[in-house]
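In: this one's structure only:
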DNA sequence: TTTCACTTTAGAATAATTATAAACTAGGAT
DNA sequence: ATCCTAGTTTATAATTATTCTAAAGTGAAA
């Protein structure tokens, strides 16, 4: 994914491509594999990677803007850490609480045979499966 | 569940049955249906219910002691609220983000046909399914 | 009943996140 | 090109949930 695509990606979702957003977007989306991170870890990585410092609040803002635009998905796991995932397709996760690590599971690798109906006037938005790991 | 059973329940799990623990345990376990709560909601309910005030830190301590003893299970959902559940059997949840409400799903009501192997030297501890609801 | 490890308590501390308000800036209008 | 303004960034304060601390209190064994 080239810089021009980053600009398109931002503009097409109504996000003005500011210096900070472009920098963060390049860091997140110009990679082959999916990437899991917390705001804290992203902040540290960006601080290392670049000379210009981006405010923590901006990273929060930007990550949430990307999430709202559908460029990131949010995953919450035991231990009060919110992870974001550059894989926005429908998928599931292994969670290793020893290492606080998330691993993607392709949606096709989990098949649910039986599922209950949604209660009263509600509908099912999505189904998330967490497979918690131990050693 | 009578008071004597509460005392047994506490003693049998190595918890000294103090006034506060008995009061909280009675409130949590002397009911028919399973009960979902956060520490905050429990604190409010206990304040209403009883005259003697229990310190918030004690409620945190006690709830975690009950969890460690296996009398409560912990469920974490989007939005950074930790719910506890008096249903400690293996089961799943609906989560309604509109009302921030959790609803139990019996383990038998979800059947998973295909599941991936755990990575490298890891084993599967448990599988949690969240069905997120919308209107 | 005395003793002491376990508990409770109020308040301080921490961590993650959100709110605030002033300064800055992208990009359309002039 | 310069101006203007809504959108954005920033540092800091505020908030929320939770844990820590250290002193005072209390079951229950001896």
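Out: That came in fine, so what should we check first? From a predicted model like this one, the values you see are computed outputs, not experimental measurements. Residues are numbered from 1 along each chain as shown, chains lettered A, B, ... in the order given.
In: where's the nearest residue to residue A:129 once chain neighbours are set aside, which helix or strand?
Out: Excluding the flanking residues, the one nearest residue A:129 by C-beta to C-beta, 6 or more residues apart in numbering or on different chains is residue A:92, at 4.1 Å. In short, each C-beta sits where N, CA and C put it, glycine included. Using DSSP states H and E, residue A:92 maps to strand A:91-96.
In: Give the pairing partners of that strand; include direction for each.
Out: strand A:101-106 (antiparallel), strand A:123-134 (parallel) (DSSP bridges).
In: starting at the chain centroid, how far to it?
Out: Taking the mean of its C-alpha atoms, strand A:91-96 sits 13 Å from the chain's own mean (C-alpha atoms, centre = their mean, to the nearest Å).
In: hmm, back to that, ok, now which ones touch the residue nearest to residue A:129?
Out: If you count contacts by C-beta atoms under 8 Å, 6 or more residues apart in numbering or on different chains, residue A:92 has them with A:104, A:105, A:107, A:109, A:110, A:128, A:129, A:130, A:131.
In: Same question for residue A:74.
Out: Counting by C-beta under 8 Å, 6+ apart, residue A:74 makes contact with A:67, A:82, A:83, A:84, A:85, B:78.
In: Buried ones among those?
Out: A:82, A:83, A:84, A:85 (16 or more other C-beta atoms under 10 Å in any protein chain shown).
In: In this model residue A:39 seems to touch the second one, though I could be wrong.
Out: Pointing back at residue A:83 there. No. Applying C-beta atoms under 8 Å as the test, residue A:83 and residue A:39 come out as separate, 9.6 Å apart.
In: how about the strands in chain A?
Out: Ranges of strands within chain A are A:36-37, A:73-77, A:81-85, A:91-96, A:101-106, A:111-114, A:123-134, based on DSSP state E.
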